[in-house]
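Novice: could you work out the structure for the sequence below:
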Amino acid sequence: MNFLELLGALVGVVYLWLEYKASIFLWLASIIMPAIYVFVYYQAGLYADFGIQIYYIIAAIYGGCFWIWGKQKKHTENSELPIIHTPVSYYLPLCLTFAGTFAGIAWILINFTNSDVPWLDSFTTALSIIGMWMLARKHVEQWLVWIAVDVVCCGLYIYKALYFTAALYGLYAIIAIFGY
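Specialist: This next block holds a predicted model:
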């Protein structure tokens, strides 16, 4: 398992560099990395993290097919979606979506799994869903979401003895600060 975790962490470093550069090629790494982490998280009993890997693969295909980033805006000369601030009107729906997703995932983990970290696993997964949505739309504030996810994940992964992954998420947190 350590080899798979190390491989996933290495692909994660490549993904981070591509994300920081806002490269369309980040979507290829974001297909490979969750395919690896499906096995790592399942073995560690991180069932929500395991489940979100499927979401990441779908989101990567969505983004990688240029449906979001490569789409040309009708009234601009720019062929890419611009980096923007999250409109204030989005905050309430995003918070409600997070709260509902967090509660729903926690309920599933508590009632249907043997998870020993249902609240933390649910928190990071629900917030990651929000972050991925914001990333696909190039909202600047997605970096703040990733900082929160990454810091909490560091502790969670250390607790689960996923040290390569904890180190990766520590690096993610540092780079997300600079990305913001």
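
Novice: please name the nearest non-neighbouring residue to Ala161.
Specialist: Ala44 (7.7 Å; Cβ to Cβ, 6 or more residues apart in numbering). (Glycine included, C-beta is placed from N, CA and C.)

Novice: residues contacting the one you found?
Specialist: The contact partners of Ala44, taken as Cβ atoms under 8 Å, 6 or more residues apart in numbering, are 160-162.

Novice: state the next helix or strand along the chain beyond the helix or strand of the chain with the lowest mean pLDDT.
Specialist: Lowest mean confidence among the helices and strands of the chain (mean pLDDT, DSSP states H and E): helix 47-64, at a mean of 84. The helix or strand immediately downstream of helix 47-64 is helix 91-112, counting by DSSP states H and E.

Novice: relative to helix 91-112, how tilted is the next helix-or-strand element following that next one?
Specialist: Going down the chain from helix 91-112, the next helix or strand is helix 118-136, by DSSP H and E. Orientation check (axes from the mean of the first three to the mean of the last three Cα atoms, to 10 degrees): helix 118-136 against helix 91-112 gives 140 degrees.

Novice: residues of helix 118-136 that come out buried?
Specialist: 118, 120-136 (16 or more other Cβ atoms under 10 Å).

Novice: now stretch 45-57
Specialist: By 16+ other Cβ under 10 Å, the buried positions in stretch 45-57 come out as 45-53, 56-57.

Novice: ok, now stretch 138-158?
Specialist: 139, 141-154, 156-157.

Novice: shaky segments in the protein?
Specialist: By pLDDT under 70, the low-scoring segments of the chain are 1, 63-79.

Novice: nearest the geometric middle of it, what residue?
Specialist: With distances taken as Cα atoms, centre = their mean, Ser128 lies nearest the centre of the chain, 4.4 Å away.

Novice: that residue and Phe3: what is the separation?
Specialist: As judged by Cβ to Cβ, to the nearest Å, Ser128 and Phe3 stand 25 Å apart.

Novice: again with Ile83
Specialist: Taking Cβ to Cβ, one finds Ile83 at 37 Å from Phe3.
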